[in-house]
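Colleague: return atomic coordinates for the entry below.
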Amino acid sequence: MPPDSRPLLIRRLGRQPYERTWKAMSAFTDARGPDTPDELWLLEHDPVFTLGQAGKMEHVLAPGDIPLIPVDRGGQVTYHGPGQIVGYPLIDLRRTGVGVRELVSRIEQALIDTLAHWSIDAARVEGAPGVYVAGAKVAALGLRVRRGCSFHGLAFNVAMDLEPFGRINPCGYKGLAVTQVLDLGGPSQLAQVEDVLVEQFCRQFGFHAVPAAPVLPELPARAAV
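Modeller: Model prediction:
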């Protein structure tokens, strides 16, 4: 590892309900101090639509039996479900020395470089955060910064049922095409993609990965759900 790299605790949490995870990362952010190690949580969610702070209900077309949860991140409406890597970078931006724009750019680059590992040519689209392949969105971003620390994060489609994206205007864009790693010639195993994503994420931010317990940190009693 580079001599000046900082530790990044990696929690691989498996499949988790959305609301409990949201409460946990919010409580973690509120409780952390200047010496709290940064963390990256990697997981899958049970099927759920989430609507960001700027989200408009007009972009939720036909949710059906999938719950819709308004949340405190940026962005519009998106879908989470099994077969999608959700990554929550819980980073002290002041200590890391990056602003919000740079945070978004570096996360996007980590995703682009991850896809390049399988010779998938991905790119940004001006004014539309996330990562795209031939105009189809393969990864979405929705972040929040509080007390100088980031939470919420990225959703990276790997090998999932894409049908629910047809029930919304993804990220507020009518008719936006959505794709996934498997359909682009990459692997279907989430762990395999996570390994490369962790490597590229650490490279972007000057971290070295440290495995952490694969459990959500305990919530304060008032935050439990």
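Colleague: secondary structure class for the closest residue to Trp118 other than its chain neighbours?
Modeller: In this structure, Trp118 finds its nearest non-sequential neighbour in Gly186, 4.1 Å apart by CB to CB, 6 or more residues apart in numbering. Glycine gets a C-beta too; all of them are placed from N, C-alpha and C. Using DSSP: H, G, I helix; E, B strand; the rest coil, the structure places Gly186 in coil.
Colleague: likewise Gly74?
Modeller: Secondary structure assignment for Gly74 (three-state DSSP): coil.
Colleague: for it, list the residues it contacts.
Modeller: The contact partners of Gly74, by CB atoms under 8 Å, 6 or more residues apart in numbering, come to 52-54, 142-144, 152.
Colleague: which of those fall in helices?
Modeller: Per DSSP state H, helices hold no members of the contacts of Gly74.
Colleague: among those, pick out the one closest to Leu43, please.
Modeller: His152 (12.8 Å; CB to CB).
Colleague: if I look at the closest one, how far off is Trp118?
Modeller: To Trp118, His152 is 26 Å away according to CB to CB, to the nearest Å.
Colleague: from the contacts of Gly74, which one has the minimum pLDDT?
Modeller: Within the set of the contacts of Gly74, pLDDT is lowest for Ala54 (82).
Colleague: just how off-centre is the one helix or strand Leu9 maps to within its chain?
Modeller: Using DSSP states H and E, Leu9 sits within strand 6-16. The chain centre lies 12 Å from the centre of strand 6-16; the measure is CA atoms, centre = their mean, to the nearest Å.
Colleague: kindly format the C-alpha coordinates of that strand as PDB.
Modeller: C-alpha atoms of strand 6-16 as PDB (Å, rounded to 0.1, in the frame of the first residue of the first chain):
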ATOM      1  CA  ARG A   6      -5.500   6.000   4.900                       C
ATOM      2  CA  PRO A   7      -7.600   3.100   6.000                       C
ATOM      3  CA  LEU A   8     -11.100   2.600   4.600                       C
ATOM      4  CA  LEU A   9     -13.200   0.000   6.500                       C
ATOM      5  CA  ILE A  10     -15.100  -2.200   4.000                       C
ATOM      6  CA  ARG A  11     -18.300  -3.700   5.300                       C
ATOM      7  CA  ARG A  12     -19.900  -6.300   2.900                       C
ATOM      8  CA  LEU A  13     -23.400  -6.400   4.400                       C
ATOM      9  CA  GLY A  14     -25.200  -8.800   2.000                       C
ATOM     10  CA  ARG A  15     -28.900  -8.100   1.500                       C
ATOM     11  CA  GLN A  16     -30.400  -5.500   3.800                       C
END
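Colleague: what about the strands in the chain?
Modeller: Per DSSP state E, the chain carries strands over the ranges 6-16, 38-45, 48-51, 68-70, 77-80, 84-90, 123-125, 128-133, 136-146, 149-157, 207-211.
Colleague: what packs against the last one?
Modeller: Taking 3 or more CB pairs under 8 Å, 6 or more residues apart in numbering; DSSP states H and E as the contact definition, the neighbouring helices and strands of strand 207-211 are strand 6-16, helix 190-205.
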